[in-house]
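>>> Just the structure for this:
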Amino acid sequence: MVECLLCNKNFRNEFSLQKIFSFSSLTNSQICHRCEESFNSLNGKRTCTKCGRLLDIKAINPCADCQHWQDPDFTNRALYEYNKAFKEYMVKYKFMGDYRLRLVFQTELSRVINKTKKMVVAIPVNPDTLKTRGFNQVTGWFANVKYYDVLTPIDTTKAVAQSQKTRKERLELKQPFRLIETAVSAIKGQDILIVDDVYTTGRTIRHAAELIRNAGARSVTGLTMAR
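Got it, this is the predicted structure:
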């Protein structure tokens, strides 16, 4: 029996025939089946081709939000819908700092990243936040993933958290990053995958993509845990 990391109830790890014959590696789940089903995986569902948002059958694609962006080359893939369960998970993991919860999605995200064969860049955390929380929530999901420190926050003091800003404030966000000078040569000619936790307006990850693209990357795409 295993204790679920989310609801703390004991459960037994069992593999369905579908999972056994899926030819994917079998790994023990860190959460019970009930908690697992509360997350809405976007795998195989109709999503926006630009940002990864879940779309119903009648919605335009790219979605209305993406119609306003002027960077046709950037696309983002999201693994989960940002629903109530995912929001509660992020409160415990990111804001309350329960580092054990990295294990809930670590195997899945790392597998998806390594399949791309791209140079991986994680969105950095403000130094003050890192000092308080003790970890970067994005790299906490990495297992056997080689990633590069390419970006650093311009403002090193703790400001208002992104989660506390309105949509308008997020969209008006000025460039929050700068490139680490020693990393510039490594970017040139590379296919870059920027990984972040949640795609909300897309402003943060697009700022990062703009810097990296201007530094000579061959292509820049995004991957987020949720949208």
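
>>> Give me the phi and psi for the residue lying closest to residue 108 once chain neighbours are set aside.
With Cβ to Cβ, 6 or more residues apart in numbering as the criterion, residue 108 has its nearest non-adjacent residue at 6.9 Å, and that residue is residue 79. C-beta here means a position set from N, CA and C on the backbone, and glycine is covered the same way. In this entry, residue 79 is assigned phi and psi values of phi -90, psi -30 (degrees, to the nearest 10).

>>> How about the contacts made by residue 79?
Taking Cβ atoms under 8 Å, 6 or more residues apart in numbering as the definition of contact, the neighbours of residue 79 are 41, 42, 43, 105, 108, 109, 112, 223, 224, 225, 226.

>>> Residue 143 too?
Contacts of residue 143 were listed using Cβ under 8 Å, 6+ apart, and they are 106, 107, 110.

>>> Spatially nearest residue to residue 186, not counting backbone neighbours?
Of all residues apart from its sequence neighbours, residue 148 sits closest to residue 186 (Cβ to Cβ, 6+ apart), at 6.3 Å.

>>> which residues of this structure fall in strands?
Under the criterion DSSP state E, the chain contains strands at 2-3, 10-11, 76-80, 119-122, 147-148, 151-153, 177-179, 191-198, 219-226.

>>> Tabulate those (a markdown table), appending mean pLDDT and distance to residue 48.
Compiled in a markdown table, the strands of the chain are given as follows (pLDDT from 0 to 100; distance: least, Cβ to Cβ, whole Å):
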| stretch | mean pLDDT | distance to residue 48 |
| --- | --- | --- |
| strand 2-3 | 92 | 36 |
| strand 10-11 | 94 | 34 |
| strand 76-80 | 98 | 9 |
| strand 119-122 | 98 | 22 |
| strand 147-148 | 96 | 26 |
| strand 151-153 | 96 | 25 |
| strand 177-179 | 95 | 24 |
| strand 191-198 | 98 | 15 |
| strand 219-226 | 98 | 12 |
